[in-house]
Every structure is written in C-alpha cells, then in structure tokens.
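Enquirer: predicted model and sequence follow; I will ask about them next.
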Amino acid sequence: MAAAATVAVTTGPTSAPVAEEGPGGEAAQAATPPPQAPAASTGPRLSRLPLARVKALVKADPDVTLAGQEAIFILARAAELFVETIAKDAYFCAQQGKRKTLQRKDLDNAIEAVDEFAFLEGTLD
C-alpha cells in the first residue's frame with residue numbers, strides 16, 4: 001500500500017492558491033476549477049435601485065432608441081449617488097434645526113446652500 005501524500009492549499013500574497021509540499025516531498029497541483037461569475041440572484045446587489053424600473057424610465061424618453069445594460073447600471077448608480085448626496089446635505093440642514101426628520105425646507109436649504117444643486121432651484125415650487 002502506497003503512502004498517501006497530503007497537500008495543503010493556502011492563499012499566497014496575491015490571493016492565488018499555492019500548493020504546499022506533503023510528507024512525500026513533492027509538490028502537487030491543486031485541481032480547482034477557475035472562479036466563475038456569480039449568478040444574478042446570489043451575492044450582494046450592486047445597485048439598490050431596480051434596474052428594470054430604471055430601464056423603463058430610460059425607454060420612456062422618445063430620444064432613446066437603445067440602452068445597454070451597462071448604461072442602465074451606470075444611470076442607476078449615478079441616481080443612487082445623487083440621492084445619497086442631496087439627502088446627506090438635507091439631513092445636515094435638519095440637524096442645524098435640531099431635528100432628525102427631513103422636511104421640504106431642508107431640501108430647499110440644501111439646494112440653496114450647495115452650488116452643485118443650483119440646477120434644482122425652483123423645482124420644488
């Protein structure tokens with residue numbers, strides 16, 4: 001009966017599997033399949049907005065004929081960042097009024113205070 005050599009696979013500094021030598025002295029290759037992209041339903045969502053809804057909004061524009069999935073994702077991500085930024089600025093205005101609840105006047109104050117939101121002036125009227 002032959003002695004079984006054990007091989008431990010660890011992760012090196014570059015996160016690549018490294019085969020270590022067993023008691024027999026020879027290095028064995030780890031037969032692992034290459035990593036595959038996760039399925040759409042598993043893992044964390046990359047976008048908090050529903051991409052189908054964003055795509056429907058984009059298609060509602062008569063000037064848009066085609067919209068790729070990457071473009072839809074980028075638009076969804078940009079919308080998320082915009083909402084996050086204006087919400088943080090509005091919350092800062094609410095905190096100055098010693099409140100935790102956002103009100104319309106907080107959004108108005110954030111739009112007036114931040115130059116990047118100047119294009120929104122008068123939209124809430």
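Expert: Received, thanks. Numbering: from 1, shown residues only.
Enquirer: so which strand or helix has residue 99?
Expert: Assessed by DSSP states H and E, residue 99 sits outside every helix and strand.
Enquirer: for it, phi and psi?
Expert: phi -130, psi 160 (degrees, to the nearest 10).
Enquirer: same thing with residue 101?
Expert: According to degrees, to the nearest 10, residue 101 has phi -100, psi 130.
Enquirer: list the contacts of the residue found closest to it once you drop the neighbours it is linked to in the chain.
Expert: Of all residues not flanking residue 101 in the chain, residue 94 sits nearest, at 6.7 Å (Cβ to Cβ, 6 or more residues apart in numbering). Placement of C-beta: from N, CA and C, glycine included. Counting by Cβ atoms under 8 Å, 6 or more residues apart in numbering, residue 94 touches 100-103, 106.
Enquirer: ok but residue 47 is inside a helix, no?
Expert: No. Counting by DSSP: H, G, I helix; E, B strand; the rest coil, residue 47 is not found in a helix; it is coil.
Enquirer: residues in contact with residue 121?
Expert: By Cβ under 8 Å, 6+ apart, the residues touching residue 121 are 111-112.
Enquirer: ok, 7 Å please
Expert: Contacts for residue 121 (Cβ atoms under 7 Å, 6 or more residues apart in numbering) come out as residue 111.
Enquirer: picking that back up, the residue nearest to residue 101 sits in which helix or strand?
Expert: helix 69-96.
Enquirer: okay, buried residues for that helix please.
Expert: Buried residues in helix 69-96, defined by neighbour count with 16 or more other Cβ atoms under 10 Å: 72-73, 75-76, 86, 89-91, 93-94.
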